[in-house]
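Visitor: attaching a predicted model along with its sequence, questions to come.
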Amino acid sequence: MNNPTKSKLHPGNILLSVLALLIIATGLYYFTAYILRDKKFIETNDAQVESYINPVSARVGGFIKQVRFDEHHLVKAGDTLIVLDDREYSQHVTEAEAAVDDAHAQLKLLDASISSAQTGTLVNRDQINGAKARLVLQQQDIIRYKNLLKEEATTGSDLESVQSKYDVSVSDYSAAQNNLKVSFSQIAELNSRKALLAADLKEKVAQLELARINLAYTIITAPYTGRMGRKTILEGQQIQPGQPLVSIVNEKDKWVTANFKETQVNGMYVGQPVEIRIDAIDNKVFEGQIEAISASTGAKFSLLPPDNATGNFVKIVQRVPVKVKFTSKDIADVKAGMNVLISVKKKAI
């Protein structure tokens, strides 16, 4: 009799079958997840973290006395970064202070002259009053002597003597009045000189303030809290006004610039929720929202924007920059320039 042979499955075949099923199931899972996610999100990996990176420049020139920062160190707003040799600027301040003191002294001297001239006007007024009184007396004497001459109680020579005294009194009265006018003219001249000295004092005070400002510029401080860039300056180095000395990265103001395809931005709006995944930080999703959408494609902002009218037209999908701000607070580990995957939640229908 022939007994039918019983086929047995090899353990290796079973293991291969199980692995194949797992691979298929995993592929189906990720494919389904991708399809579902594609329906809920618009994604791009053409995105980077941005931050303000500003150069710290010198406001005045001079020799560097001290450099008080190290590369990539965190500094606070107002921290001293660089100290310049300030001896020359200190002397300018001293010189300007002396000029201001001199202007004050000249004003005080002029005030004293004006006060003296005003006192002189009082003397002139007294002289006028005295001359006027003598003039009135001489007028009365002339009237009296004329009456006496009519009555032949006096001689013509006496009348002439009185008349001459009257003429002298008129001259003295006129001279006293003119002296008062001269005193007023002197006071007006002194007041005009006082206006000139006041303007000169104002100019010297401004020069003093400018000298103090330049002296303060010899201490270069951090404009805001941030992290320093590369250190390329040393003590003893000569710098010029306006020369960039070091860059500082603003640690408090960070955002993402995501360049979406032109076919993706339709329907996006300011305030739309965004998920931010940073390549350098695994297993962490940052929250954000769209803050602004560019009014033009990125190519139009380039140094040499494309001109399709030249005839060499090749249709290329353009990119539209979208500014995304972080709503998550724990972004200390996020650095400017890091690559980012942006996922924008589609508007619910």
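Guide: Alright, I've got the coordinates. Residues are numbered from 1 along each chain as shown.

Visitor: where does pLDDT dip in this structure?
Guide: Residues of the chain that meet the criterion pLDDT under 70 lie in 1-10, 29, 31-39, 141, 145-160, 347-349.

Visitor: looking at this structure, which helix is longest?
Guide: Among the segments of the chain that qualify as a helix by DSSP state H, the longest is helix 87-150.

Visitor: please compute how far it lies from its chain's middle.
Guide: 51 Å (C-alpha atoms, centre = their mean, to the nearest Å).

Visitor: tell me what that helix is packed against?
Guide: helix 156-216 (3 or more C-beta pairs under 8 Å, 6 or more residues apart in numbering; DSSP states H and E). Heads up, the C-betas are built off the backbone N, CA and C, glycines and all.

Visitor: just how off-centre is the helix or strand just after the helix it packs on within its chain?
Guide: As assigned by DSSP states H and E, the chain's next helix or strand after helix 156-216 is strand 219-221. Put simply, strand 219-221 sits 15 Å off its chain's centre (C-alpha atoms, centre = their mean).

Visitor: partner strands of strand 219-221, parallel or antiparallel?
Guide: strand 80-84 (antiparallel) (DSSP bridges).

Visitor: for the partner strand, give me every contacting residue.
Guide: Strand 80-84 has contacts (C-beta atoms under 8 Å, 6 or more residues apart in numbering) with 56, 58, 60, 62-69, 75, 217-222, 228, 233, 239, 245-246.

Visitor: can you pull the buried residues of it?
Guide: 81-84 (16 or more other C-beta atoms under 10 Å).

Visitor: which among those gets closest to Gln48?
Guide: Gln48 has its nearest neighbour among those in Leu81, at 27.3 Å by C-beta to C-beta.

Visitor: distance check, that closest one against Thr218.
Guide: Here the criterion is C-beta to C-beta, to the nearest Å. By it, Leu81 lies 12 Å from Thr218.

Visitor: quick revisit: report the buried members of the contacts of strand 80-84.
Guide: Here, 16+ other C-beta under 10 Å leaves 56, 58, 60, 62, 64, 67, 69, 75, 217-218, 220, 222, 228, 233, 239, 245-246 buried among the contacts of strand 80-84.

Visitor: for this structure, longest strand please?
Guide: strand 244-261 (DSSP state E).

Visitor: tell me the helices and strands packed up against that strand.
Guide: The contact analysis (3+ C-beta pairs under 8 Å, 6+ apart) places strand 244-261 against strand 41-44, strand 47-57, strand 80-84, strand 226-228, strand 319-326, strand 340-345.

Visitor: now the ones you listed in JSON lines, with distance to Thr263?
Guide: Output for these, formatted as JSON lines (distance: least, C-beta to C-beta, whole Å):
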{"stretch": "strand 41-44", "distance to Thr263": "10"}
{"stretch": "strand 47-57", "distance to Thr263": "17"}
{"stretch": "strand 80-84", "distance to Thr263": "47"}
{"stretch": "strand 226-228", "distance to Thr263": "38"}
{"stretch": "strand 319-326", "distance to Thr263": "10"}
{"stretch": "strand 340-345", "distance to Thr263": "13"}
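
Visitor: nearest to Asn124, of those?
Guide: So among those, strand 80-84 is nearest, using C-beta to C-beta, at 60.3 Å.

Visitor: just the CA atoms of that closest one, as PDB, please.
Guide: Extracted C-alpha coordinates of strand 80-84, given in PDB (Å, rounded to 0.1, in the frame of the first residue of the first chain):
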ATOM      1  CA  THR A  80      28.900  96.400  28.300                       C
ATOM      2  CA  LEU A  81      30.400  94.700  25.300                       C
ATOM      3  CA  ILE A  82      33.300  97.000  24.300                       C
ATOM      4  CA  VAL A  83      35.200  99.900  26.100                       C
ATOM      5  CA  LEU A  84      37.100 102.400  24.000                       C
END
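
Visitor: quick check: angle from that strand to helix 156-216?
Guide: Interaxial angle, strand 80-84 versus helix 156-216 (axes from the mean of the first three to the mean of the last three C-alpha atoms, to 10 degrees): 120 degrees.

Visitor: show me how far strand 80-84 is from its chain's centre.
Guide: Worked out by C-alpha atoms, centre = their mean, strand 80-84 lies 20 Å from the chain centre.

Visitor: ok, now stretch 192-201?
Guide: Distance, stretch centre to chain centre, for stretch 192-201: 32 Å (C-alpha atoms, centre = their mean).

Visitor: could you dump that stretch to PDB, C-alpha only?
Guide: What follows is stretch 192-201 as a C-alpha-only set of coordinates in PDB (Å, rounded to 0.1, in the frame of the first residue of the first chain):
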ATOM      1  CA  SER A 192      21.200 143.000  22.100                       C
ATOM      2  CA  ARG A 193      24.600 141.800  23.100                       C
ATOM      3  CA  LYS A 194      22.900 139.800  25.900                       C
ATOM      4  CA  ALA A 195      20.800 138.000  23.200                       C
ATOM      5  CA  LEU A 196      23.900 137.200  21.200                       C
ATOM      6  CA  LEU A 197      25.700 135.900  24.400                       C
ATOM      7  CA  ALA A 198      22.500 133.800  25.200                       C
ATOM      8  CA  ALA A 199      22.600 132.300  21.800                       C
ATOM      9  CA  ASP A 200      26.400 131.600  22.100                       C
ATOM     10  CA  LEU A 201      25.700 130.000  25.500                       C
END
